[in-house]
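[1] Dropping a prediction and its sequence here:
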Amino acid sequence: MSTTSRNLLVELLVEELPPKALKKLGEEFARSLAGNLKAQGLAAADAAVSSFASPRRLAVHVAGVAAAAADKSVSQKLMPVSVGLAADGQATPALLKKLAALGADASVVPSLKRQPDGKAEALFLDVTVRGATLAAGLQKAIEQALADLPIPKVMQYQLEDGWTSVNFVRPAHGLVALHGADIVPVGVLGLTSGRTTQGHRFEAKKSPVELRDADSYAAQLRDEGAVIASFAERRAEIVRQLDAAAAAQGLKPIADEALLDEVTALVERPKVMLCRFEREFLDVPPECLILTMKANQKYFPLLDTEGKLTHQFLIVSNIDPIDPSRVIGGNERVVRPRLADAKFFFDQDRKKTLASRVAGLGKVVYHNKLGTQGERVERVRTIAHAIGEQLGGAALAARADQAATLAKADLLTDMVGEFPELQGTMGRYYALHDGLAEDVAQAIEDHYKPRFAGDELPRNDTGLVVALADKLETLAGLFGIGQIPTGDKDPFALRRHALGLIRMLVERRLPLGPTELVAISFKAFGPGHGQAQAELGFFLRERLVGYLRDAGSSPQEVEAVVEARPAHWAELPQRLAAVRAFKALPEAEPLAAANKRVGNILKKSDAPVSTAIDAALLTEPAEQALVEALRAVAPKSEAAFAVGDYAASLQALAALKAPVDAFFDQVMVNADDPALRANRLGLLAQLHAAMNRVADLSKLAT
């Protein structure tokens with residue numbers, strides 16, 4: 001690398017970038033540009049890289065960038081030896097022409113190397129490749145970085161000449177490229193690089209800002225341009241101000257990482273201010289007020305020490321006026337109509353009961369092949385009633401039926417029409433207003449849970465039943481019409497529904513069989529619905545395997561317990577723990593190998609194998625010893641299994657190692673005598689059944 005090594009700063013000045021994409025755009029711009037420079041040898045592989053992203057700029061600072069990359073010696077393949085050299089070893093015209101194209105002549109022929117190239121030999125010439133200059137290398141890097149940007153939507157705009165059009169996320173107005181204090185001559189998007197940039201639209205002390213060198217970028221923008229260029233620094237400053245302003249009131253701002261990122265992308269120099277709204281709006285459910293403040297206005301609601309919403313909120317302004325009262329007053333005026341709308345919707349919605357809205361669901365299309373929301377509700381009710389009967393008898397079935405009947409009714413309310421994110425939540429409020437039981441109201445809200453990875457599960461049994469029924473109806477319905485997820489395409493979020501179903505079965509230890517649940521859900525659709533039970537069963541099994549692996553179990557352990565096909569998936573965590581304990585025993589590996597061998601022998605049997613054994617046919621001492629050991633061990637293992645002590649059930653099998661080893665060493669299973677062979681296969685069948693009750697131990701064999 002060249003000894004002329006200095007720090008590099010590249011900035012692209014643009015019109016306001018999409019706030020939800022800004023963080024990613026800044027990271028990718030820096031990653032791609034710096035990575036390209038490193039790949040060209042203009043920067044060291046471990047060179048420090050800093051990214052900057054504000055509403056109107058993407059920038060990157062790379063330490064130790066060379067003025068030119070070092071020259072490299074490379075071996076240039078010319079052509080096969082048979083083509084390049086004549087029989088007497090002289091260069092052919094083809095070789096001389098190739099050398100001339102590379103700036104060489106016949107004098108280099110004796111120094112050409114012969115190296116294998118596939119089945120033949122080829123001629124190679126050692127040449128020196130000049131390293132890229134910074135100007136050429138940076139031009140390539142910038143172009144590639146812009147091409148790599150994950151732009152949500154490209155726009156086309158004209159350059160100042162009035163003729164040329166370019167495509168980019170937003171119109172670009174400036175390009176800075178400084179190597180130390182020197183401008184690197186590059187151009188992109190109709191711009192030519194320079195050293196000037198723009199500060200804050202209203203608060204810059206000096207604009208444009210003329211940058212002294214690459215290292216003064218952040219400081220000059222902060223001091224002269226009133227801009228905190230670093231996304232991370234700006235975000236940290238917002239958090240600091242939010243916490244300080246809230247603490248001054250004895251309150252705390254609501255936690256929302258996505259909102260923080262979005263607000264950071266909207267301001268160049270943040271200033272947090274305290275605002276208030278009328279206390280009467282607090283009669284509206286807090287979820288409504290919080291959502292409208294966050295989603296519509298990008299405000300930070302404030303909570304008291306008990307986590308309750310207050311009538312105060314924080315705004316993040318992009319200006320810092322001497323008298324902030326007008327900014328505060330303006331924001332308070334803006335939010336008031338939003339809150340008034342929420343209060344109006346809430347008051348109007350409560351004039352009708354949820355039950356009175358159910359009939360209207362029959363007019364709402366759910367899916368053109370699956371009917372209306374009303375028809376869907378009836379299917380969910382059928383599934384919920386069946387699950388409720390299994391889990392809690394007629395009482396739970398009745399409560400689940402009531403909750404399932406009303407679960408979708410809030411879709412027809414004004415509040416949910418305005419804020420679809422509140423479906424379920426508003427159903428709970430309206431159910432309580434209608435005088436329904438607490439568990440039914442909670443079930444109406446919770447039947448959507450878990451909504452995402454890590455989300456909480458339903459709070460009560462009624463909610464669990466309806467949530468299971470709702471997810472099963474969705475899965476069975478869409479699988480039945482062929483809407484099965486493929487690759488990374490899952491438009492109906494069926495993987496998320498499946499994972500939610502699995503989490504409820506496993507984490508709440510529900511005594512429900514997945515096969516039976518799938519059958520119940522398809523039955524709710526009637527005989528005309530597509531039959532895809534097997535496909536859905538396999539889909540759920542795949543999601544189950546992923547869930548258990550993500551929880552920390554090894555692929556071997558997961559496969560072992562899943563292949564045992566337990567009736568209830570609630571048992572899986574205990575079985576996995578038992579398998580891990582068993583694997584630690586010295587007998588585990590040989591027993592797993594023996595179990596695999598037993599399984600293979602039984603699979604190869606031409607006739608069905610019976611587990612019956614004729615004691616009179618036990619002629620070998622080793623098979624007699626195995627029978628005795630099995631009679632001693634199997635009852636202990638089965639007794640432990642019956643009470644759910646899976647670890648003890650597996651550990652009891654350790655006593656079988658010696659007799660199993662002796663059996664395979666001394667006994668010919670496939671004896672010529674058919675009766676003797678059948679008897680020994682029956683013994684192996686007994687052994688196989690005893691060993692694989694908790695898990696398929698053959699999956700543990702290496």
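    Perfect, thanks for sending it. On a predicted model such as this, the values are computed, not experimentally measured, just so you know.

[2] From now on I want contacts and neighbour counts done on CA atoms only, so please keep to that.
    OK.

[3] show me the contacts for the spatially closest residue to Val377 that is not a sequence neighbour.
    Sequence neighbours aside, Thr405 is the residue nearest to Val377 in space, at 6.2 Å (criterion: CA to CA, 6 or more residues apart in numbering). Shown in contact with Thr405 (CA atoms under 8 Å, 6 or more residues apart in numbering): 358, 377-378, 381.

[4] try Gly64
    Gly64 makes contact with 5-8, 43-44, 47, according to CA under 8 Å, 6+ apart.

[5] Check Ala67 too.
    Counted by CA under 8 Å, 6+ apart, Ala67 has contacts 2, 4-6, 42, 133-134.

[6] does the spatially most central residue of the chain count as helix, strand or coil?
    What sits nearest the mean C-alpha location of the chain, by CA atoms, centre = their mean, is Ala453, with 8.5 Å. Following DSSP: H, G, I helix; E, B strand; the rest coil, Ala453 is assigned to coil.

[7] Next, give phi and psi for it.
    phi -60, psi 130 (degrees, to the nearest 10).

[8] Tell me which two in the contacts of Gly64 are the farthest apart.
    Maximum pairwise distance among the contacts of Gly64 (CA to CA): 12.7 Å, between Leu8 and Ala44.

[9] and the two? which has more neighbours close in?
    Just comparing Leu8 and Ala44: by other CA atoms under 10 Å the higher neighbour count belongs to Leu8, 27 against 19.

[10] quick one: pLDDT of Pro270?
    Reported pLDDT at Pro270 in the predicted model: 97.

[11] Could you do the one 5 residues further on as well?
    At Cys275, the predicted lDDT confidence score is 97.

[12] Would you confirm that it belongs to a helix?
    No - using three-state DSSP, the assignment for Cys275 is strand, not a helix.

[13] what's across from it in the sheet?
    Note on Cys275: beta-bridge partners Phe313, judged by DSSP bridges.

[14] wait, isn't it in contact with Gln312?
    Yes - using CA atoms under 8 Å, Cys275 is in contact with Gln312, at 5.7 Å.

[15] who touches the strand or helix carrying Gln556?
    For Gln556, the element it lies in under DSSP states H and E is helix 555-563. For helix 555-563, contacts defined as CA under 8 Å, 6+ apart pick out 545, 548-549, 572, 575-576, 579-580, 694-700.

[16] Also stretch 535-553?
    Here stretch 535-553 has contacts from 475-476, 479, 495, 498-499, 502, 514-515, 518, 555, 558-559, 562, 576, using CA under 8 Å, 6+ apart.

[17] Show me what counts as buried in that stretch.
    Neighbour counts over stretch 535-553 (16 or more other CA atoms under 10 Å) mark 536, 539-541, 543-545, 547-549, 553 as buried.

[18] shouldn't Ile613 be in contact with Ala685?
    No - applying CA under 8 Å as the test, Ile613 and Ala685 come out as separate, 10.0 Å apart.

[19] what about the strands in the stretch 151-300 of the chain?
    Counting by DSSP state E, counting those that start in this stretch, one finds strands in the stretch 151-300 of the chain at the ranges 155-158, 165-168, 172-179, 182-183, 187-188, 191-192, 196-197, 209-210, 252-253, 271-276, 300-303.

[20] Now render these as CSV, adding distance to Gly64 and mean neighbour count.
    Compiled in CSV, the strands of the stretch 151-300 of the chain are given as follows (distance: least, CA to CA, whole Å; neighbours: other CA atoms under 10 Å):
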stretch, distance to Gly64, mean neighbour count
strand 155-158, 35, 13
strand 165-168, 30, 14
strand 172-179, 10, 24
strand 182-183, 14, 16
strand 187-188, 22, 17
strand 191-192, 23, 15
strand 196-197, 22, 20
strand 209-210, 22, 17
strand 252-253, 42, 22
strand 271-276, 35, 20
strand 300-303, 41, 24
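
[21] closest to Ala59 out of those strands?
    Of all those, strand 172-179 comes closest under CA to CA, at 8.8 Å.

[22] Could you pull up phi and psi at Gln76?
    phi -90, psi 120.

[23] Can you say which helix or strand has Ala141 in it?
    helix 134-148.

[24] What's the per-residue pLDDT of the nearest residue to Asp470 once chain neighbours are set aside here?
    Nearest non-adjacent residue to Asp470, counting by CA to CA, 6+ apart: Val380, 5.6 Å away. Confidence at Val380, expressed as pLDDT, is 98.

[25] and what of Ser605?
    For Ser605, the pLDDT comes out at 80.

[26] what about the lengthiest helix in the chain, distance to the chain center?
    With secondary structure taken from DSSP state H, the chain has its longest helix at helix 373-406. Using CA atoms, centre = their mean, to the nearest Å, the mean C-alpha position of helix 373-406 is found 32 Å from that of the whole chain.

[27] what element comes up after that helix heading to the C-terminus?
    Scanning forward in sequence from helix 373-406 by DSSP H and E, the next helix or strand is helix 414-418.

[28] and that next one, which residues are buried?
    Neighbour-count burial for helix 414-418 flags 414-416 (criterion: 16+ other CA under 10 Å).

[29] ditto for stretch 439-459
    Using 16+ other CA under 10 Å as the test for burial, stretch 439-459 gives 439-450, 457-458.

[30] cool, and stretch 630-650?
    Across stretch 630-650, burial judged by 16+ other CA under 10 Å covers 630, 633-634, 636-638, 640-641, 645-650.

[31] Repeat that for stretch 479-497.
    Within stretch 479-497, the residues scored as buried using 16+ other CA under 10 Å are 479-480, 484-485, 494-497.

[32] Going along the chain, name the helices of the stretch 201-350 of the chain.
    Under the criterion DSSP state H, counting those that start in this stretch, the stretch 201-350 of the chain carries helices at the ranges 217-223, 231-248, 257-264, 286-291, 297, 325-349.

[33] how about JSON lines for these, with mean neighbour count, distance to Gly530 and mean pLDDT added?
    Formatted as JSON lines, these follow (neighbours: other CA atoms under 10 Å; distance: least, CA to CA, whole Å; pLDDT from 0 to 100):
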{"stretch": "helix 217-223", "mean neighbour count": "19", "distance to Gly530": "62", "mean pLDDT": "97"}
{"stretch": "helix 231-248", "mean neighbour count": "17", "distance to Gly530": "52", "mean pLDDT": "97"}
{"stretch": "helix 257-264", "mean neighbour count": "18", "distance to Gly530": "41", "mean pLDDT": "96"}
{"stretch": "helix 286-291", "mean neighbour count": "18", "distance to Gly530": "40", "mean pLDDT": "96"}
{"stretch": "helix 297", "mean neighbour count": "14", "distance to Gly530": "46", "mean pLDDT": "93"}
{"stretch": "helix 325-349", "mean neighbour count": "16", "distance to Gly530": "38", "mean pLDDT": "96"}
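
[34] could you dump the ones you listed to JSON lines with distance to Arg56?
    Below are the helices of the stretch 201-350 of the chain laid out as JSON lines (distance: least, CA to CA, whole Å):
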{"stretch": "helix 217-223", "distance to Arg56": "12"}
{"stretch": "helix 231-248", "distance to Arg56": "12"}
{"stretch": "helix 257-264", "distance to Arg56": "12"}
{"stretch": "helix 286-291", "distance to Arg56": "28"}
{"stretch": "helix 297", "distance to Arg56": "21"}
{"stretch": "helix 325-349", "distance to Arg56": "22"}
